[in-house]
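Asker: need a structure here:
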Amino acid sequence: MKTNTLFILFIFVCNIVFSQENLDSKITKDSTAIVKDSAIAKVTPHKWSIDIGTGISNGTRPYSDGYYKSINNQLFNGFIFNNYMVGVKYNFSEIVGVKMDVAFDRFINSKETKSKPFEVAQYRTSIQAVFNLNSFIKSVNYVSRFNLLFRGGLHLAILKPIAADYNNKVSNGDNYAGVVIGITPTVRISKKTSIFFDVSSYSNYGQNLTWNGKHSEVSNNTEGHMYSATFGLSFALDK
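Answerer: This is a model prediction of the structure:
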């Protein structure tokens, strides 16, 4: 009886020791994870970064009769790159920042359409507030490698027709301003480098030229719209 009691006591003690070891192991793993998360948090919210990207852009309206750029049954007009941008971003916190960029767009008719020939260039700059939407997604936080950014702000642009054999007399150009909003998913691939994909919508006010470079035939048509889809790399400038 005494032997059985000692055996049961031995099993009980072993069970307590084993459970304690498992608990210590779990605490150690959790502590390591916290340290890793803490390390990520220290390198993720960079103050300054620079964005470099290229992609496509398309003016959707207005166009003169007989001119257009869109290609039927082709997503984003066949992915012909005609957009280039460089931007600088400053983060006030993990959630809010500000971005300023400059960009160039080249609009030309596609040979796959029956549009009359045209070619115009657009130079634009914008200043935008940037919000990290990770803080609103329960399953993702701001220290994640993936970040979903929402942007909104104002832009200024110059539209200049390009002279060609089919269009010797061109306008001096058009200046206008507008509102831009966009969504930018980013994925961090190293401590200081991220890949981004940006989709933006631009509403122009005071645009007197059509996207094919002609003066609008409608006297009160002073509005325009375009979209862009850009991908590229973002580099942190902090040490």
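Asker: Strands of this protein, start to end?
Answerer: According to DSSP state E, the chain carries its strands in the segments 48-61, 83-91, 96-108, 119-132, 146-161, 174-188, 193-205, 223-236.
Asker: Now those in JSON lines, please, with extra columns for mean neighbour count and distance to Asn212.
Answerer: All C-beta atoms are positioned from the backbone trio N, CA, C, and that covers glycine. As requested, the strands of the chain are exported to JSON lines (neighbours: other C-beta atoms under 10 Å; distance: least, C-beta to C-beta, whole Å):
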{"stretch": "strand 48-61", "mean neighbour count": "18", "distance to Asn212": "9"}
{"stretch": "strand 83-91", "mean neighbour count": "19", "distance to Asn212": "18"}
{"stretch": "strand 96-108", "mean neighbour count": "18", "distance to Asn212": "8"}
{"stretch": "strand 119-132", "mean neighbour count": "19", "distance to Asn212": "7"}
{"stretch": "strand 146-161", "mean neighbour count": "18", "distance to Asn212": "8"}
{"stretch": "strand 174-188", "mean neighbour count": "18", "distance to Asn212": "12"}
{"stretch": "strand 193-205", "mean neighbour count": "18", "distance to Asn212": "15"}
{"stretch": "strand 223-236", "mean neighbour count": "19", "distance to Asn212": "12"}
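Asker: so can I have TSV of the ones you listed showing mean pLDDT and distance to Gly213?
Answerer: Shown next, in TSV, are the strands of the chain (pLDDT from 0 to 100; distance: least, C-beta to C-beta, whole Å):
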stretch	mean pLDDT	distance to Gly213
strand 48-61	94	11
strand 83-91	96	18
strand 96-108	95	9
strand 119-132	96	5
strand 146-161	95	3
strand 174-188	96	9
strand 193-205	96	15
strand 223-236	94	12
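Asker: I'd like those strands written out as JSON lines, with distance to Lys214 added.
Answerer: Listed next are the strands of the chain as JSON lines, based on distance: least, C-beta to C-beta, whole Å:
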{"stretch": "strand 48-61", "distance to Lys214": "13"}
{"stretch": "strand 83-91", "distance to Lys214": "22"}
{"stretch": "strand 96-108", "distance to Lys214": "13"}
{"stretch": "strand 119-132", "distance to Lys214": "10"}
{"stretch": "strand 146-161", "distance to Lys214": "8"}
{"stretch": "strand 174-188", "distance to Lys214": "11"}
{"stretch": "strand 193-205", "distance to Lys214": "16"}
{"stretch": "strand 223-236", "distance to Lys214": "13"}
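Asker: And those strands: which comes nearest Trp211?
Answerer: Among the strands of the chain, the nearest to Trp211 by C-beta to C-beta is strand 48-61 (3.4 Å).
Asker: what helices or strands is the closest one leaning on?
Answerer: helix 76-79, strand 83-91, strand 96-108, strand 193-205, strand 223-236 (3 or more C-beta pairs under 8 Å, 6 or more residues apart in numbering; DSSP states H and E).
Asker: which one of the ones you listed lies closest to Gly53?
Answerer: It's strand 223-236; of those, that one is closest to Gly53 (C-beta to C-beta) at 2.6 Å.
Asker: Next one, pLDDT for Lys29 please.
Answerer: Looking at Lys29, its pLDDT reads 49.
Asker: For Tyr176, name its beta-bridge partners.
Answerer: Under DSSP bridges, the beta-bridge partners of Tyr176 are Ala157.
Asker: quick one: contacts for it?
Answerer: Leu156, Ala157, Leu159, Asn204, Tyr205, Gly206, Gln207, Asn208, Gly224 (C-beta atoms under 8 Å, 6 or more residues apart in numbering).
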